[in-house]
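> Could you look at this predicted model? Sequence included:
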Amino acid sequence: MADWIQGKIVENIHWTENLFTLRIDADIKAYKAGQFTSLALDIDGERIARPYSHLSAPHQRPLEYFFYTATGGVLSNALVQLNAGDTVWVKDQSNGFFVLEEVPDCKDLWMLGTGTGIAPFLSILHTDEPWQRFENIVLVYAVRTESDLRYLDTIEALKESHGDRFRFQAFVSREQVPGTLHGRIPAAIEDGRLQQAVGLEQSADRSHFMLCGNPDMVKDVTELLKTRDFRKNRRRTPGHITTENYW
């Protein structure tokens with residue numbers, strides 16, 4: 001069984017009423033970009049733990065995690081109240097197969113995330129591997145309102161570093177926001193608006209999709225892509241769609 005490491009809060013960034021980021025100093029074991037660990041607090045005599053993806057790349061410190069305070073979420077509603085210097089438990093060993101070594105070689109990598117499900121993508125994009133393996137990388141980030149769009153400065157820095165090889169498209173489902181697409185990702189793939197917006201077609205001979213976030217988005221995009229000759233990616237039968245539900 002993996003051990004718990006006591007971490008110290010370096011910074012708690014409150015983005016909105018429900019969105020926040022914790023930066024944590026904790027000496028955990030090395031992990032792979034795209035993996036998750038567990039964070040925990042001792043509440044009323046019980047250790048309450050939940051899995052969270054690393055947003056920070058393996059070489060980056062402090063560790064960084066992106067949260068949404070769900071209604072009734074005992075742990076997230078306690079974590080949001082932490083201040084610099086407070087302590088939190090971090091699982092020493094990270095896990096998960098939402099990593100690039102599980103993705104077959106292809107030309108174009110599409111990263112589709114909703115809400116805080118963008119975290120593992122930012123971890124991956126701050127490593128060398130995606131830029132060494134793929135010709136084009138598309139990051140799609142879907143949220144409900146404009147205020148939920150975070151880490152845009154980080155995304156802009158990636159665009160400046162990698163030029164036309166990196167394409168970004170934001171979605172906002174409940175507001176009309178200039179420069180973003182309105183509605184849901186599946187509909188925009190089905191009618192071609194997403195492909196047109198980023199200037200890149202999707203085809204089974206050159207595209208791979210990594211989907212992370214809302215289970216409905218993951219399911220709907222997967223089912224849509226299956227109708228277009230894309231297959232779920234499995235170790236024994238490599239395909240085009242790698243997924244991770246984010247709650």
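Received it, and whenever you're ready, just let me know what you need. Fair warning: this is a prediction, and the values are worked out from it, not measured in the lab. Numbers count the residues shown, from 1 in each chain.
> what stretches of this structure score poorly on pLDDT?
Applying pLDDT under 70 to the chain flags residues 1-2, 246-247.
> and the residue minimising distance to the centre of it, what does it touch?
Centroid-nearest residue in the chain: residue 118, 2.6 Å away (criterion: Cα atoms, centre = their mean). For residue 118, the contacting residues are 66, 139, 141, 151, 212-213, by Cβ atoms under 8 Å, 6 or more residues apart in numbering. In short, each C-beta sits where N, CA and C put it, glycine included.
> Could you export those to CSV, including columns for neighbour count?
CSV is the format used below for the contacts of residue 118 (neighbours: other Cβ atoms under 10 Å):
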residue, neighbour count
66, 23
139, 24
141, 27
151, 19
212, 25
213, 26
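> Residue 230: which of the residues you listed is nearest?
Proximity of those to residue 230 (Cβ to Cβ) peaks at residue 212, which lies at 16.5 Å.
> Show me what counts as buried in stretch 113-125.
Buried residues in stretch 113-125, defined by neighbour count with 16 or more other Cβ atoms under 10 Å: 113-125.
> Distance to residue 77 and secondary structure for these - can I get that in JSON lines?
Formatted as JSON lines, these follow (distance: Cβ to Cβ, whole Å; DSSP: H, G, I helix; E, B strand; the rest coil):
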{"residue": "113", "distance to residue 77": "23", "secondary structure": "strand"}
{"residue": "114", "distance to residue 77": "21", "secondary structure": "strand"}
{"residue": "115", "distance to residue 77": "17", "secondary structure": "helix"}
{"residue": "116", "distance to residue 77": "15", "secondary structure": "helix"}
{"residue": "117", "distance to residue 77": "20", "secondary structure": "helix"}
{"residue": "118", "distance to residue 77": "21", "secondary structure": "helix"}
{"residue": "119", "distance to residue 77": "19", "secondary structure": "helix"}
{"residue": "120", "distance to residue 77": "23", "secondary structure": "helix"}
{"residue": "121", "distance to residue 77": "26", "secondary structure": "helix"}
{"residue": "122", "distance to residue 77": "24", "secondary structure": "helix"}
{"residue": "123", "distance to residue 77": "25", "secondary structure": "helix"}
{"residue": "124", "distance to residue 77": "29", "secondary structure": "helix"}
{"residue": "125", "distance to residue 77": "30", "secondary structure": "helix"}
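> Residue 95: which of the residues you listed is nearest?
residue 120 (12.3 Å).
> Verify the stated contact: the closest one with residue 97.
No. Look at residue 120 against residue 97 with Cβ atoms under 8 Å: they stay out of range, at 11.2 Å.
> how about the nearest residue to residue 3 once chain neighbours are set aside, what does it touch?
Here the nearest residue to residue 3 in space, its sequence neighbours aside, is residue 92; by Cβ to Cβ, 6 or more residues apart in numbering that works out to 4.6 Å. Going by Cβ under 8 Å, 6+ apart, residue 92 touches 2-5, 28-29.
> from those, which single one is nearest residue 51?
residue 2 (11.9 Å).
> Which parts of the protein are helices?
In the chain, the helices defined using DSSP state H lie at 74-79, 119-125, 129-133, 152-162, 185-190, 193-198, 215-226.
> In the record's domain split, what are the boundaries for this structure?
4-91, 100-245 (automatic domain parsing).
> How far off centre is the shortest one?
Spelled out, that is domain 4-91. Here domain 4-91 is found 15 Å from its chain centre; the criterion is Cα atoms, centre = their mean, to the nearest Å.
> swap in the longest one?
The gap between where domain 100-245 is centred and where its chain is centred comes out at 10 Å by Cα atoms, centre = their mean.
> what's the spacing between the residue in the chain sticking out farthest from the centre and residue 86?
Here the centre of the chain is the reference, and by Cα atoms, centre = their mean the most remote residue is residue 45, at 31.8 Å. Distance of residue 45 to residue 86, computed by Cβ to Cβ, to the nearest Å: 18 Å.
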